[in-house]
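Student: could you work out the structure for the sequence below:
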Amino acid sequence: MDYNVGVSPDNSGNMGETSSIFVTNLALEAINNNLFFATKWTSRNMQFALMSIPIGSETGPDIHQNSDQFFYIEQGSALITMGICENCLNFQSLFYSGFGAFVPAGIWFNVVNTGPIDLKMFTVCAPALHTYNAVFETKEEWSTYNES
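Tutor: Below you'll find the model as predicted:
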């Protein structure tokens, strides 16, 4: 599913690591992912990760002080809430397959799976938030992780 174009700017040959070239089919990556959260590509300035949110679950309230984040739904439906504090997520919007949501740095957010199937989506953060190849099988693993 991932394609190596044969070069990387630092000649490391390690696909998916910092500064490596990475080409993939986003739709297939998202639909085939069954992990709650998994980084697939990380550079100094940006990160691409996959998410699979089970029926009736959510990401949980979160904030990134220094990173903007983009969510794209490939399959399913969700409610995204945002606001300036954890207990005042006043902005609410439904979004579905083919929809994206942009979350600015410093804004609290939560993504809730509202559909009858697992929510399959990907996210892009700039700058990167997690280490390369971070994998969390469940929401519990992901929510207790504290990147140092």
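Student: centroid-nearest residue for the protein?
Tutor: residue 123 (2.9 Å; Cα atoms, centre = their mean).
Student: the helix or strand harbouring it packs against which elements?
Tutor: According to DSSP states H and E, residue 123 maps onto strand 119-126. Applying 3 or more Cβ pairs under 8 Å, 6 or more residues apart in numbering; DSSP states H and E, we find strand 119-126 packed against helix 26-32, strand 47-53, strand 68-75, strand 77-83, strand 108-113. No exception for glycine: its C-beta is placed from N, CA and C like everyone else's.
Student: figure out how far the last one is from the centre of its chain.
Tutor: It stands for strand 108-113. Strand 108-113 has its C-alpha centroid displaced from the chain centroid by 12 Å (Cα atoms, centre = their mean, to the nearest Å).
Student: contact partners for the residue nearest to residue 116 when sequence neighbours are not counted?
Tutor: In space, not counting the residues next to it along the chain, residue 116 is nearest to residue 55; the distance is 6.6 Å by Cβ to Cβ, 6 or more residues apart in numbering. The neighbourhood of residue 55, defined by Cβ atoms under 8 Å, 6 or more residues apart in numbering, consists of 113, 115, 116, 117, 118.
Student: what pLDDT does the fourth one get?
Tutor: Looking at residue 117, its pLDDT stands at 98.
Student: so, low pLDDT: which residues of the chain?
Tutor: Counting by pLDDT under 70, the ranges of the chain that qualify are 1-19, 146-148.
Student: ok, back up a step: just the helices and strands packed on strand 119-126: most buried one?
Tutor: Scoring the helices and strands packed on strand 119-126 by mean neighbour count under mean count of other Cβ atoms under 10 Å gives strand 47-53 as the most buried, with a mean of 22.
Student: distance to residue 95 added to the helices and strands packed on strand 119-126, as JSON lines?
Tutor: Converted to JSON lines, those look like this (distance: least, Cβ to Cβ, whole Å):
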{"stretch": "helix 26-32", "distance to residue 95": "14"}
{"stretch": "strand 47-53", "distance to residue 95": "13"}
{"stretch": "strand 68-75", "distance to residue 95": "6"}
{"stretch": "strand 77-83", "distance to residue 95": "6"}
{"stretch": "strand 108-113", "distance to residue 95": "9"}
